[in-house]
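> Return atomic coordinates for the entry below.
(2 chains)
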Amino acid sequence: MSEAVAYRIRDLHKEYAGREVLSCEALDVLRGEVLGVVGPSGAGKSTLLRLLNFIEPPTRGWIEFEGARFSAEQGISLDLRRRVTTIFQRPLLLNRNVWDNVTYSLRLRGQRDAREPAQAALERVGMENLARQDARSLSGGEAQRVALARALILNPAVLLMDEPTANLDPYNVGLIEQIIRQVNQERRTTIVLVTHNVFQARRLATRVAFLLSGRLIEVGDVEQFFQSPADARTKAFINGEMVY
Amino acid sequence: MVMSSALFEIIFLTLHVSGTALLLSTLIGIPLGVLMGLRRFIGRRWVVALLYTGMGFPPVVIGLFVYLLLSRAGMLGQLNWQIIPELFTPGAMILAQTIIAFPLVGGFTMAAVMSVDPQLRQQVISLGATSRQAALTVLWEARMGVIVAIIAGLGSIISEVGAVMLVGGNIEHRTRVMTTAIVLETRKGNFDLALTLGVVLLGMAFLINLAMLRLQGRSFNE
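All right, here's what the predicted structure looks like:
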């Protein structure tokens, strides 16, 4: 596998109760890129992220990550799985304070002294003053920033983001987008950003993939994708003409 | 003096029998509840149905089953293994009380675990948790409900009389516990002693529940 490729996806299919929800013939996620994945609801975007995080196995096909294949027959090692993490649309924090939530992911790896990385992660998301606050009392934007901090503390090779700014106020949207840019530029973290917001994809992504009804319709560089899409359905989606 | 030493003996045996039974029920019931709450497997519905049936099973019937199992002609009694307790011993009472309490601990634990948002497990796995770490995290998040499960288990055995009477026999200095002593003293007309035992039993239950609430991090003011 090329050094420049983080994930190689081939003939990937996922079914639930016999119904196919995702079918992707071929897709490469490049190392250090921000791949925006856009598409309407039910397009299979979140399913793709669960497969990329190795939470669920595919029904058929495979994903290659750092030289290891992940398929229905072949699982992936814990070490490799721990190099990837996801930020969910609705972050669920533990019934503990902010500090314990942020250090939780390091404790899972047996790291007891998490003071410095936790402090740095909290500062990065602007939550250092709320470290002792009960996590359940936070606003939606604050909770998402804590979720971001508990992921960033791991310094993952790949950060998967599932609609991370949906339902947030403009201040938090701006802050989170800024953090995404910084993390990608400073650490060269590969980011797969699922969003139904084409404007956000255009602002953040280096390449964009369009999923529709579980199928990968088109993938290309951000400028080419938005200015001269190859597929009529992509054009309709970008222009807001698609009825779904 | 004789009275008070007999009373302490009864209290100690009650705590020993019910405490050990509760510990065993917790060791069986909590993993069972977590398994039922988190895993989907063929036959799960049957196991859940059995667990729910166990939660409502009359203790005296369980006492009868244990009696029949442990009697010399019974399935377990005839094995003569050291690990199997004899009838009319504290061991037999512990076995009966464990069978009474573990479905309650397991059933309430399952409900508590299922009340935790299923997305949480997925999110902690995405943070790098192993299946075991994820299950323990969910269990910790469900801790309020789990403590209620343990309290329910304790409540079912500390006040129970039918099963311990059947398999223990209420033998003085051997298998007499608070509830069987209250029945005996009432029958003898020693209402003062029966009432004293009743008050002590209530006090014990109150103190144990208070300790459980402290474990939940709550007070009676909440």
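> What are the phi and psi values at the closest residue in space to residue A:82 that isn't next to it in sequence?
Excluding its sequence neighbours, the residue lying closest to residue A:82 (CB to CB, 6 or more residues apart in numbering or on different chains) is residue B:128, at 4.0 Å. Quick note: C-beta positions are derived from backbone N, CA and C, even for glycine. The phi/psi pair for residue B:128 (degrees, to the nearest 10) reads phi 110, psi 10.
> do residue B:88 as well
phi 60, psi 40.
> and it, what does it touch?
B:167, B:168, B:169, B:171, B:174, B:175 (CB atoms under 8 Å, 6 or more residues apart in numbering or on different chains).
> So which of those is surrounded by the most neighbours?
residue B:167 (31 neighbours; other CB atoms under 10 Å in any protein chain shown).
> and the closest residue to residue A:163 other than its chain neighbours, how far is that from residue B:9?
Once flanking residues are discounted, residue A:163 sits nearest to residue A:89: 4.0 Å by CB to CB, 6+ apart. Using CB to CB, to the nearest Å, one obtains 62 Å as the distance from residue A:89 to residue B:9.
> Same check on residue B:204?
15 Å.
> Could you do residue A:49 as well?
64 Å.
> More neighbours: which of these two?
residue A:49 (23 against 15).
> what's the helix or strand for the more buried one?
According to DSSP states H and E, residue A:49 maps onto helix A:45-52.
> returning to that earlier point: local confidence estimate at the residue nearest to residue A:163?
Looking at residue A:89, its pLDDT reads 92.
> secondary structure class for it?
coil (DSSP: H, G, I helix; E, B strand; the rest coil).
> repeat for residue A:191
Taking three-state DSSP, the label given to residue A:191 is strand.
> So for the residue nearest the centre of chain A, what's the nearest residue that isn't a sequence neighbour?
Most central in chain A under CA atoms, centre = their mean is residue A:160, positioned 1.8 Å from the mean C-alpha point. Among residues not flanking residue A:160 along the chain, residue A:86 sits closest, at 4.3 Å (CB to CB, 6+ apart).
> next one: residue B:127
Per CB to CB, 6+ apart, closest to residue B:127 is residue A:105, 4.3 Å.
> looking at this, that neighbour is in a strand?
No - applying three-state DSSP, one finds residue A:105 to be helix, outside a strand.
> Identify each buried residue in the helix or strand that contains residue B:202, please.
Using DSSP H and E, residue B:202 sits in helix B:191-216. Buried residues in helix B:191-216, counted by 16 or more other CB atoms under 10 Å in any protein chain shown: B:193, B:194, B:197, B:198, B:200, B:201, B:204, B:205, B:208.
> Spit out the contact partners of the residue nearest to residue A:163.
Per CB under 8 Å, 6+ apart, neighbours of residue A:89: A:162, A:163, A:164, A:166, A:167.
> now with 10 Å?
When contacts are counted by CB atoms under 10 Å, 6 or more residues apart in numbering or on different chains, residue A:89 touches A:46, A:144, A:161-168, A:194-195, B:119.
> Among these, which pair sits farthest apart?
A:195 and B:119 (19.0 Å; CB to CB).
> Comparing these two, which shows the higher neighbour count?
Higher neighbour count among residue A:195 and residue B:119: residue A:195, with 24 against 13, using other CB under 10 Å.
> number of nearby residues for the closest residue to residue B:152 other than its chain neighbours?
Excluding its sequence neighbours, the residue lying closest to residue B:152 (CB to CB, 6+ apart) is residue B:104, at 4.8 Å. Residue B:104: 26 surrounding residues under other CB under 10 Å.
> which parts of the top helix by length along chain A are buried?
Scanning chain A for the helix with the most residues, using DSSP state H, yields helix A:170-187. Within helix A:170-187, the residues that count as buried by 16+ other CB under 10 Å are A:172, A:173, A:175, A:176, A:177, A:179, A:180, A:183, A:184.
> Enumerate the residues of chain B near chain A.
B:116-130, B:133-134, B:137, B:140-144 (CB under 10 Å from any CB of the partner chain).
> Weed out the non-buried ones from those residues.
Buried, going by 16+ other CB under 10 Å: B:116, B:120-129, B:133-134, B:137, B:141-142, out of the residues of chain B next to chain A.
> where does the chain have low pLDDT?
Reading this off chain A. In the predicted model, chain A carries pLDDT under 70 at residues A:1-3, A:242-244.
> other chain: chain B
Across chain B, the ranges flagged by pLDDT under 70 are B:1-3, B:217-222.
> all helices for it, in order.
Using DSSP H, helices in chain B cover B:2-38, B:44-55, B:59-70, B:90-114, B:118-126, B:131-141, B:143-158, B:162-168, B:178-188, B:191-216.
> Throw the ones you listed into TSV and include distance to residue A:30, thanks.
Listed next are those as TSV, based on distance: least, CB to CB, whole Å:
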stretch	distance to residue A:30
helix B:2-38	37
helix B:44-55	43
helix B:59-70	64
helix B:90-114	41
helix B:118-126	22
helix B:131-141	31
helix B:143-158	44
helix B:162-168	68
helix B:178-188	72
helix B:191-216	50
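> List the contacts of the residue nearest to residue A:65 when sequence neighbours are not counted.
Here the nearest residue to residue A:65 in space, its sequence neighbours aside, is residue A:7; by CB to CB, 6+ apart that works out to 5.5 Å. Contact partners of residue A:7, counting by CB under 10 Å, 6+ apart, are A:1, A:27-31, A:35, A:51-52, A:63-66, A:70, A:84, A:158, A:190, A:192.
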